[in-house]
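Student: Dropping the sequence and predicted coords here.
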Amino acid sequence: MAARPAWGQVSSPGASAVEAAEPQALVVSHWFDSGDEGEPYTATIRLHGRRVGADGAPVRGQTFVHEESVQGVVPGTGRVSLTSWVYGIAKGEWIVNAELAAPARRSGGQLGAERGRRESAVTSAAWSWRHWRLTDGSSGPVATRWALLAPLARSPGVLPGAFTALAVVGIILAIVTQAVILGGRGLPVASGVVASIVALSGGLIGAKLWYMAIKGQPWRQAIGQGWSVDGFIVLAPLVAVVTSLGMGVPTGAYLDAAAPGIFLAVAIGRVGCFVTGCCAGRCTASRWSVWSSDRRVGARRIPTQLLESGVGLVLAIVTGVAIMNPVPGADGMVFVASMVLYGVARQGLLRLRAETRRFSWRRAG
């Protein structure tokens, strides 16, 4: 997951009671060029903000200086965007200027004056979904917004809420797919659907607990943030087995019937991850890279979410074909084999992600 924006230290002693009750935040995006050659480096962006209407000498609460660093900038990746959240400022419109405080380091010696100016330029950023690329944003004033909703602000390459919407669609299609398969095989549809809903609930609990464990966060902090698929695929099948046994549903056949829908949901949900900016891949200059964001930094990356979506789609098709051609006495094997294959593929893809974990099947880098 992307790093959570840090709260600023800027405050306004003259803020009204309404402003104090409704804390404000400013969300701005800028881009700079990564350069053409050299080793990965760290770029630091410095923002200077002045509230519209604030004239004369700087006054606390009417101006701010905010710095953020982008680590691991890979030369040759073109435009890199940074979205910044500045909290604790007065409500209103702000003029924000940005500069590259820490210039790019290069191994090729001194930069020419013209090239140095080009690489040092920091420009307001916007996003074109039609052309899938960064564009120059407005240089005009930026209005503050309610701080609690600031994480939902749009940033380049990110569509807030897309993951939730597509995850719901995927879950519905998964249950419908399983119901159709159960009906086609003469198995109890209603009991199977109820068992799947119970298993889904257990899996979501497992996903949240696993996320809390890998992030090392207390539940109060993690409850409103992300989920981990690993926790879901560990706990949901266990709950499904117990529930199906308790309801008298043939467990092996029931699990096989669930497999195509599960992987269809994976294929759909990971597309939501891609456009929401979670589970992003490492930055790379490879020709196979795709420009995407981790909600904070946008750059050319390994499209790990789309790769996992492709794995899910392939497994959905393969398990569907296998269920249509069942092997007598092998109920449950389709589910087990497909989950093992998915687990192996997923662990491989985790190595390509930008995020680090407290612990995993791989060592956090």
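Tutor: Everything's here; your move.

Student: Who are the contact partners of I323?
Tutor: Residues in contact with I323, defined by CB atoms under 8 Å, 6 or more residues apart in numbering, are 181, 256-257, 259-260, 334. Yep, even glycine has a C-beta here, placed from its N, CA and C like the rest.

Student: Now with 6 Å, please.
Tutor: D256 (CB atoms under 6 Å, 6 or more residues apart in numbering).

Student: quick one: it from A280, how far?
Tutor: To A280, I323 is 34 Å away according to CB to CB, to the nearest Å.

Student: what does Q305 give?
Tutor: 7 Å.

Student: neighbours around the nearest residue to V318 once chain neighbours are set aside, how many?
Tutor: Using CB to CB, 6 or more residues apart in numbering and skipping residues adjacent in sequence, the residue nearest V318 is S338, 7.2 Å away. Taking other CB atoms under 10 Å as the criterion, the count of residues near S338 is 22.

Student: from what I can see S338 touches G320, true?
Tutor: No: using CB atoms under 6 Å, S338 is not in contact with G320, being 10.4 Å away.

Student: Run through the helices of the stretch 1-150 of the chain in chain order.
Tutor: 17-21, 113-120 (DSSP state H, counting those that start in this stretch).

Student: quick one: secondary structure of the residue most central in space within the chain?
Tutor: Geometric centre of the chain, nearest residue: C278, 0.8 Å, by CA atoms, centre = their mean. Following DSSP: H, G, I helix; E, B strand; the rest coil, C278 is assigned to coil.

Student: check which helix or strand covers the residue nearest to V318.
Tutor: helix 333-350 (DSSP states H and E).

Student: what's the answer for G206, then?
Tutor: helix 189-215.

Student: T251: what's it in contact with?
Tutor: So T251 contacts 241, 244-245 (CB under 6 Å, 6+ apart).

Student: can you check A43 too?
Tutor: Here A43 is in contact with 70, 73 (CB under 6 Å, 6+ apart).

Student: Across the sheet, point out what pairs with it.
Tutor: Taking DSSP bridges as the rule, A43 bridges to V70.

Student: Tell me, what's the model's pLDDT at it?
Tutor: pLDDT for A43: 94.

Student: how close does it get to G186?
Tutor: 62 Å.
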